[in-house]
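A.B. asks: Turn this into a structure:
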Amino acid sequence: MSPARHDLNVMEENNRTSQETFILLGLGSDVPYLQVIYFLVFLLMYIITLSGNLLLIIVVRINPKLQTPMYFFLSNLSIIDIFFSTSVVPKLLTNTLAIDKSISLVECALQMYFSLSLGATECVILAVMAYDRFAAICRPLHYNTIMNKALCFSLAAGSWSFCFLISAIHVVLIFQLPYCKSHHVNHFFCEMPPFFKLSCRDPWFNEMLMYIGAGIIIMCSCCLTLISYIHIISTIMKIRSSHGRHKAFSTCASHLTVVSLYYGTLMFMYMRPPSIYSAEIDKTVSILYTAVTPMLNPIIYSMRNKDVKDTITKQSKQEINISNGKG
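C.D. replies: Okay, here's the model as predicted:
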């Protein structure tokens with residue numbers, strides 16, 4: 001083979017390889033000590049997310065008193081948060097310290113698919129949980145009839161199935177776009193909006209589908225959640241005991257804070273006009289719903305709950321007694 005032909009083959013191979021990989025630019029800091037700080041902070045958040053959500057799932061599993069619709073949906077939320085965070089944070093941790101920040105096309109597509117699917121499913125599950133609380137507080141006499149086992153399983157299965165199907169359509173279509181401008185993604189994981197900037201073809205169709213999907217999933221879920229909480233707060237106002245009102249309001253306020261943070265950041269990311277795109281702001285916003293919210297959910301929704309705390313305390317005492325007995 002001639003040297004010229006060999007060089008041409010090498011160039012073609014390199015070009016083909018570059019077309020099959022993307023470079024995640026990450027959080028945008030090349031300062032070593034900042035990279036270490038980022039790594040430690042996100043590692044800590046990830047550990048808290050995994051331990052908090054796993055603990056909730058185990059507690060619900062071992063306590064028969066917690067076999068209720070509310071804890072069934074909380075367990076679903078914990079499973080979502082574990083996998084949602086896992087689809088993003090480990091790659092972020094690796095890239096924060098690694099020199100090679102490349103990600104293969106297949107790995108990128110899978111990351112986008114699972115993060116998109118799980119994020120959308122969380123939106124719907126949060127709305128279902130709000131409806132469950134509405135039924136429990138505003139329709140207590142009919143609660144067991146309304147939130148029967150068949151409906152709970154149908155709502156959970158429908159949420160997962162619908163969101164995973166819609167996300168598959170988005171991901172397949174977005175990787176049909178030609179990426180000839182650049183393969184350097186100014187983000188810390190493969191997410192749809194940054195990819196629109198890399199395409200050398202007008203992505204208006206993909207953007208339109210994104211707005212439609214976001215409108216259906218995020219806006220509908222948000223509206224259902226707000227309507228449920230308006231009715232809940234209206235019912236709480238009728239409670240005669242000031243202590244009861246304060247406790248109920250405190251719980252609702254903490255729930256609404258996390259829900260607002262989650263829905264608000266997703267709306268900004270997926271429903272704002274392309275003209276106000278900012279890579280640095282997008283990274284900050286994405287951190288809130290991929291790392292912060294999954295960490296806060298088990299704390300806000302469950303760890304403040306008396307039944308959950310009592311189960312953890314009782315189980316811990318049993319473990320201590322068994323350990324002392326063995327000793």
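
A.B. asks: contacts, neighbours, all on C-alpha from now
C.D. replies: OK.

A.B. asks: Can you give me every residue that contacts the spatially most central residue of the chain?
C.D. replies: Note on the chain: the residue nearest the mean C-alpha position is Gly119, at 4.1 Å, using C-alpha atoms, centre = their mean. By C-alpha atoms under 8 Å, 6 or more residues apart in numbering, the contact set of Gly119 is Ile80, Phe84.

A.B. asks: what's the next secondary structure element after the helix or strand hosting it?
C.D. replies: Gly119 belongs to helix 105-138 when assigned by DSSP states H and E. Counting by DSSP H and E, the next helix or strand C-terminal to helix 105-138 is helix 143-146.

A.B. asks: list the helices and strands that next one packs on?
C.D. replies: Applying 3 or more C-alpha pairs under 8 Å, 6 or more residues apart in numbering; DSSP states H and E, one finds that helix 143-146 makes contact with helix 105-138.

A.B. asks: What average pLDDT does the helix it packs on get?
C.D. replies: Averaged over helix 105-138, pLDDT sits at 96.

A.B. asks: Show me the helices in the stretch 51-200 of the chain, by range?
C.D. replies: Using DSSP state H, counting those that start in this stretch, the helices found in the stretch 51-200 of the chain span residues 69-97, 105-138, 143-146, 149-174, 192-196.

A.B. asks: and stretch 118-129, how far from the chain's centre?
C.D. replies: Here the centre of stretch 118-129 is set off from its chain's centre by 9 Å, with C-alpha atoms, centre = their mean, to the nearest Å.

A.B. asks: Excluding covalently adjacent residues, which one is nearest to Ile82?
C.D. replies: Leu50 (5.9 Å; C-alpha to C-alpha, 6 or more residues apart in numbering).

A.B. asks: quick one on the thing from earlier: may I see the helices of the stretch 51-200 of the chain arranged in TSV, with distance to Leu34 as well?
C.D. replies: Output for the helices of the stretch 51-200 of the chain, formatted as TSV (distance: least, C-alpha to C-alpha, whole Å):
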stretch	distance to Leu34
helix 69-97	10
helix 105-138	25
helix 143-146	51
helix 149-174	33
helix 192-196	24
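
A.B. asks: doesn't Ala291 make contact with Ser85?
C.D. replies: Yes: between Ser85 and Ala291 there is a contact at 6.0 Å, judged by C-alpha atoms under 8 Å.

A.B. asks: how far does the helix or strand harbouring Leu256 sit from the chain's center?
C.D. replies: Element membership for Leu256 (DSSP H and E) is helix 242-271. Averaging C-alpha positions (C-alpha atoms, centre = their mean) puts helix 242-271 16 Å from its chain's average.

A.B. asks: list the helices and strands it packs on?
C.D. replies: Under the contact criterion of 3+ C-alpha pairs under 8 Å, 6+ apart, helix 242-271 touches helix 204-214, helix 220-236, helix 279-287, helix 293-298.

A.B. asks: Could you pull up the mean pLDDT of stretch 39-57?
C.D. replies: Rounded mean pLDDT across stretch 39-57 is 96.

A.B. asks: secondary structure class for Ser29?
C.D. replies: Here Ser29 is recorded as coil under DSSP: H, G, I helix; E, B strand; the rest coil.

A.B. asks: residue ranges with poor pLDDT in the chain?
C.D. replies: Confidence mapping of the chain against pLDDT under 70 gives the ranges 1-19, 303-304, 307, 319-327.

A.B. asks: Now list whatever residues contact both of Ser85 and Ala291.
C.D. replies: Shared contacts of Ser85 and Ala291, counting by C-alpha under 8 Å, 6+ apart, come down to Tyr46.

A.B. asks: Which of those two has more residues huddled nearby?
C.D. replies: Set Ser85 next to Ala291 and count neighbours by other C-alpha atoms under 10 Å: Ser85 wins out with 24 against 20.

A.B. asks: what's near enough to touch the more buried one?
C.D. replies: With C-alpha under 8 Å, 6+ apart, Ser85 has these contacts: Tyr46, Thr49, Thr290, Ala291, Pro294.

A.B. asks: same deal with Leu224?
C.D. replies: Per C-alpha under 8 Å, 6+ apart, neighbours of Leu224: Ala127, Ala130, Tyr131.

A.B. asks: and Asn186, how far is that from Ser228?
C.D. replies: The gap separating Asn186 from Ser228 is 38 Å, by C-alpha to C-alpha, to the nearest Å.

A.B. asks: number of nearby residues for Pro273?
C.D. replies: Residues lying near Pro273 (other C-alpha under 10 Å) number 11.

A.B. asks: sorry, back to before: and which of the contacts of Ser85 is nearest to Arg139?
C.D. replies: Comparing these against Arg139 with C-alpha to C-alpha places Pro294 closest, at 29.6 Å.

A.B. asks: What is the burial count for Ala253?
C.D. replies: Residues near Ala253, counting by other C-alpha under 10 Å, number 14.

A.B. asks: Distance-wise, check it relative to Tyr301.
C.D. replies: The gap separating Ala253 from Tyr301 is 11 Å, by C-alpha to C-alpha.
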